[in-house]
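Chemist: Just a sequence and a predicted model for now, questions to come.
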Amino acid sequence: MKTVETLNEGLKRGFMLTISAKDIEARVEGEVKRMAPQVRMPGFRPGKVPANLIRKMHGPALAADALNTAVQDSVQSLIAEQKIRPAMQPEVELDEGYEPGKDAEVRVSLETLPEIPEAKIDGLTLERLAVEPDEKLVDAQISQLMSSQKSFTAAPKSHKAATGDQVILDYKGTTEDGVAFEGGTGTAMAVEIGSGQLIPGFEDQLIGIKAGESRDLKVTFPKDYPAEKLQGKPANFAVTATEVKTAGEAKLNDDFAKTLGLESLEQLKGLIRDQQQQELNGLTRTHMKRKLLDQLAASHDFDVPPSMVAAEFDNIMAQIRHEAEHEEDPAAALAEIEGEADDYRKIAERRVRLGLLLSEIGTKNGVEVSQQEMNRLISQAAAQYQPKDRERFIQYVQQDPMAAAQMRAPLYEDKVVDYLFEKAEISDRTVTRAELEADLEAEEGHVHGPGCGHDHAAEAKPAKKAPAKAKAAKPTKTEPVEVAEVAKPKAAKPKAGKAEPAPEPVITAADAKPKPAKPVKDGAGGKPPAAKAKSGTKTTKA
């Protein structure tokens, strides 16, 4: 292989590789010999098919595969010989004038990782904001549990349904012109009046109904109703109450705790306190991590590969454009986003720089993710798939270095951050939850956004209203954002109509592989199974 450097400018490098026709032919010959014992052809004994016939049958495919592997091996050799650390996958392009039987000229363009200066990790100072569990919140959660554990008993036929009662309904829904619609008819549906589970106005019109009574309910579907044909449209529901039930009064005692599988009320309170403490510890860690990354960002500045910044910027823009589509005025939200593209590019640059810095700190200080930890990560991810697809997913991750690196990166970052926490001088201060959350949302009155030079996760958007017949979803906690090798702690809520970018892992140079030359058939491996067991994906803003 002949190598000529064509570009050496900053982090950009370019080369022209010449792969001899002799090398390509030797690879074809080797493949013919490998295939010969397995080829079967009428008139020949197994393994006795002449090489020239094998070439005639499979020649074009063998030549393409040989060229492809020759290009891949040559680029890998180039990277090793030149001691290059690619920032992203090298761009590889075969000369358009190439013909089988001739030397192949291949252009290779890539960006290298920068020489990262010695990390300044001595003298880091952090404050750990400690928060004790709030007993009022513990009691509120128990009250919510009691509400969800309501038991209903049949009321006398003369009883008129009131707020808090449960009505068992048969129903048939029709549009304003009397046409029944899909999903609008059913029997024995249990509705708790005042629960807010159904479309606005439905439950209120059940007040006063008795067992055996029929009513016509007039409602209007919300504008964001899932069934597009019904959005904002009036409808009529003919309902019959087959039974009315009243809620039994739950008593807060050990017996109530036992209905939940626990031994006592005190054990229940202890579990809720522990859950609350875990959540508060997560908020505390998020706060510390933000302060840590801000210090690192302020004391380190070096060139970063434009291709990595561009890739991160594309990820950010794709995410926030997707978020904008769900705003009340998508067009206005998109326009605002496009107007702030330069600010989001700065965020992307900060993410990449901090990602490279954390990776370098981890490498130089022996931070590693063990195989046991990696196996646990893979098993946890595989559990999200249908049982029949789990083994395929595990094989995919084990065979694809980039997929494994993406899974490994968040844990690796956590371990680097923990290492830096150990190095830092940490002071403790007890605060309330409100004070901690306020500090996460604003630093001394500073609202974090695209123009501030920071990159912080925003609060999750409120959930959409539940459609008719759907049970109200239980609220979920927003977990602290932990992002692979890139800084993205939580902070202020964005302005209305404005989406914040979500985190994406950064793949380091060790995972970069050259792409096959464009004219050559790509023999890329398989993709992970697509079917998942459950939609556990959480969309966050960072």
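Modeler: Alright, I've got the coordinates. Numbering: from 1, shown residues only.
Chemist: E132 touches L436, doesn't it?
Modeler: No - counting by CB atoms under 8 Å, E132 stays clear of L436, with 11.2 Å between them. Quick note: C-beta positions are derived from backbone N, CA and C, even for glycine.
Chemist: Those two: which has the busier surroundings?
Modeler: Shown here are E132 and L436; by other CB atoms under 10 Å, L436 has more neighbours (19 against 13).
Chemist: separation between the more buried one and I316?
Modeler: 27 Å (CB to CB, to the nearest Å).
Chemist: okay, and for the stretch 301-450 of the chain, where does confidence drop off?
Modeler: Where the stretch 301-450 of the chain drops to pLDDT under 70, the residues are 442-450.
Chemist: Strands of that one, residue ranges please.
Modeler: 425-430, 442-443, 446-447 (DSSP state E, counting those that start in this stretch).
Chemist: tell me the secondary structure for A36?
Modeler: A36 carries the three-state label helix when classified by DSSP: H, G, I helix; E, B strand; the rest coil.
Chemist: so how far is R45 from it?
Modeler: Separation of A36 from R45 (CB to CB) stands at 12 Å.
Chemist: Kindly report the same for M308.
Modeler: 57 Å.
Chemist: and these two? which has more neighbours close in?
Modeler: Neighbour totals were compared for M308 and R45, and M308 leads with 25 against 8 (other CB under 10 Å).
Chemist: so that one sits right up against P86, yeah?
Modeler: No - with contact defined as CB under 8 Å, M308 does not count as touching P86 (10.3 Å).
Chemist: Which neighbours do those two have in common?
Modeler: Common neighbours of M308 and P86 (criterion: CB atoms under 8 Å, 6 or more residues apart in numbering): E111.
Chemist: just the helices in the stretch 251-400 of the chain please.
Modeler: Using DSSP state H, counting those that start in this stretch, the helices found in the stretch 251-400 of the chain span residues 254-259, 265-299, 306-324, 330-339, 341-364, 371-382, 387-399.
Chemist: what about G261, distance to Q149?
Modeler: The gap separating G261 from Q149 is 12 Å, by CB to CB.
Chemist: Between the two, tell me which one has more neighbours.
Modeler: Between G261 and Q149, counted using other CB under 10 Å, Q149 has the larger neighbour count: 11 against 7.
Chemist: residues contacting that one?
Modeler: Q149 makes contact with A250, F256, T259, L260 under the criterion CB under 8 Å, 6+ apart.
Chemist: Tell me the buried residues within those residues.
Modeler: Buried members of the contacts of Q149, scored by 16 or more other CB atoms under 10 Å, are A250, F256.
Chemist: can I assume V131 is in contact with T430?
Modeler: Yes - the criterion here is CB under 8 Å, and V131 meets it with T430 at 7.4 Å.
Chemist: before we move on, what SS does Q89 have?
Modeler: Under three-state DSSP, the three-state class of Q89 is coil.
Chemist: What is the neighbour count of it?
Modeler: 16.
Chemist: how much space between D294 and K423?
Modeler: Relative to K423, D294 is positioned 16 Å away (CB to CB).
Chemist: cool, S264 as well?
Modeler: Applying CB to CB, the value for S264 to K423 is 44 Å.
Chemist: N236 belongs to a strand?
Modeler: Yes - assessed by three-state DSSP, N236 belongs to a strand.
Chemist: which residues touch E213?
Modeler: By CB under 8 Å, 6+ apart, the contact list for E213 reads T240, A241.
Chemist: 7 Å instead, please
Modeler: A241 (CB atoms under 7 Å, 6 or more residues apart in numbering).
Chemist: Ramachandran angles for it?
Modeler: phi -90, psi 140 (degrees, to the nearest 10).
Chemist: do you know how far it is from H159?
Modeler: 11 Å.
Chemist: cool, and K22?
Modeler: Counting by CB to CB, the gap from K22 to H159 is 95 Å.
Chemist: Between these two, which is the more surrounded one?
Modeler: Comparing K22 with H159 by other CB under 10 Å, the one with more neighbours is H159, at 15 against 9.
Chemist: secondary structure class for the more buried one?
Modeler: H159 - assigned by three-state DSSP - is coil.
Chemist: Please look at it and V244 and confirm they touch.
Modeler: Yes - between H159 and V244 there is a contact under CB atoms under 7 Å: 5.6 Å.
Chemist: Now do the shared contacts for the two.
Modeler: K210.
Chemist: Quick one: distance of stretch 398-415 to the chain centre.
Modeler: Relative to the chain's own centre, stretch 398-415 is displaced by 14 Å; criterion: CA atoms, centre = their mean, to the nearest Å.
Chemist: all strands of the stretch 51-200 of the chain, in order?
Modeler: Here the stretch 51-200 of the chain has its strands, by DSSP E, counting those that start in this stretch, at 91-94, 104-111, 125-130, 152-154, 166-175, 180-192.
Chemist: For these, state which one has the densest average packing.
Modeler: strand 104-111 (a mean of 21; mean count of other CB atoms under 10 Å).
Chemist: who's in contact with that strand?
Modeler: Outside strand 104-111, the residues touching it (CB under 7 Å, 6+ apart) are 11-19, 24, 67, 71, 74-75, 78, 86-88, 90-95, 98, 305-307, 517.
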